[in-house]
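Asker: What follows is a predicted protein model with its sequence.
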Amino acid sequence: MTRWPLVFLLGAVGCKKPVPVETHTEPLPVDHLARDEVVTGLEKAFALPLPRESHVIVRYANEVQVRSSLEPELVSNFVRAHVKAGKAIVGSTMTTFDHVVVPAEPTRELTIEIRRSNIPGGRTTMLVRDDTPGTPAAIPTDEAWRRAGRTTDGKLLDPKKVE
């Protein structure tokens, strides 16, 4: 019997007129991310900024290998937003950005390959290669030609030794 007054009181409190919901008309804060938006990290491959969840694995004179925990589609969209010129080739297993330029370094041409990783700890692997015509890293030295069994003009050193 002592519950009835409590139920009546709660029922009376719960029967108030509903308050209209106000729509949020103010702009979203600057740090609000859109769906699937990727944040720029601190690392770079040449002048290309990398996504926050990406890390450089190896750096060579004309090549940088990157691993990311992001999906390949997100990494591709991130790269697309940070390069210009060139062309994008989207395939079933890899996306290639061929002879693209990063605005921060417009004299360097890059080729970027993005694919799903089969290595544990990374969803995506990315290869960023400097393909600028005439760069010293792109031109083999005399010693490199000799080790390859060729002269500096590409001819075989010993035509009798063909592998």
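Answerer: Arrived safely.

Asker: Under a three-state scheme, what state does Asn77 occupy?
Answerer: Following DSSP: H, G, I helix; E, B strand; the rest coil, the label given to Asn77 is helix.

Asker: residue contacts, the closest residue to Ile89 other than its chain neighbours?
Answerer: Nearest non-adjacent residue to Ile89, counting by C-beta to C-beta, 6 or more residues apart in numbering: Thr96, 4.5 Å away. Placement of C-beta: from N, CA and C, glycine included. With contacts defined as C-beta atoms under 8 Å, 6 or more residues apart in numbering, Thr96 is in contact with Ala88, Ile89, Thr111, Ile112, Glu113, Ile114.

Asker: which stretch of helix or strand covers the fourth one?
Answerer: It stands for Ile112. Per DSSP states H and E, Ile112 falls inside strand 105-116.

Asker: Could you double-check that Ser54 lies in contact with Pro72?
Answerer: No. Assessed by C-beta atoms under 8 Å, Ser54 is found out of contact with Pro72, at 11.6 Å.

Asker: The two: which is more packed in?
Answerer: Neighbours per residue (other C-beta atoms under 10 Å) separate Ser54 from Pro72, with Ser54 holding more: 24 against 19.

Asker: Just the pLDDT for the more buried one.
Answerer: For Ser54, the model assigns a pLDDT of 84.

Asker: Over to Lys155?
Answerer: Looking at Lys155, its pLDDT is 71.

Asker: quick one: contacts of the host helix or strand of Arg129?
Answerer: Here Arg129, judged by DSSP H and E, is contained in strand 124-130. The contact list for strand 124-130 (C-beta under 8 Å, 6+ apart) reads 45-46, 48, 54, 61-72, 75, 79, 108-117, 119, 137-138.

Asker: What strands flank that strand, and is each parallel or antiparallel?
Answerer: Sheet pairing of strand 124-130 (DSSP bridges) gives strand 63-68 (antiparallel), strand 105-116 (antiparallel).

Asker: Buried residues, the last one. List them.
Answerer: Right, strand 105-116. Arg108, Glu109, Leu110, Thr111, Ile112, Ile114, Arg115 (16 or more other C-beta atoms under 10 Å).

Asker: What is the most widely separated pair among these?
Answerer: Greatest spacing in the buried residues of strand 105-116, by C-beta to C-beta: Arg108 and Arg115 (22.4 Å).

Asker: so where do the strands sit in the chain?
Answerer: 40-45, 48-51, 54-59, 63-68, 87-90, 94-102, 105-116, 124-130 (DSSP state E).
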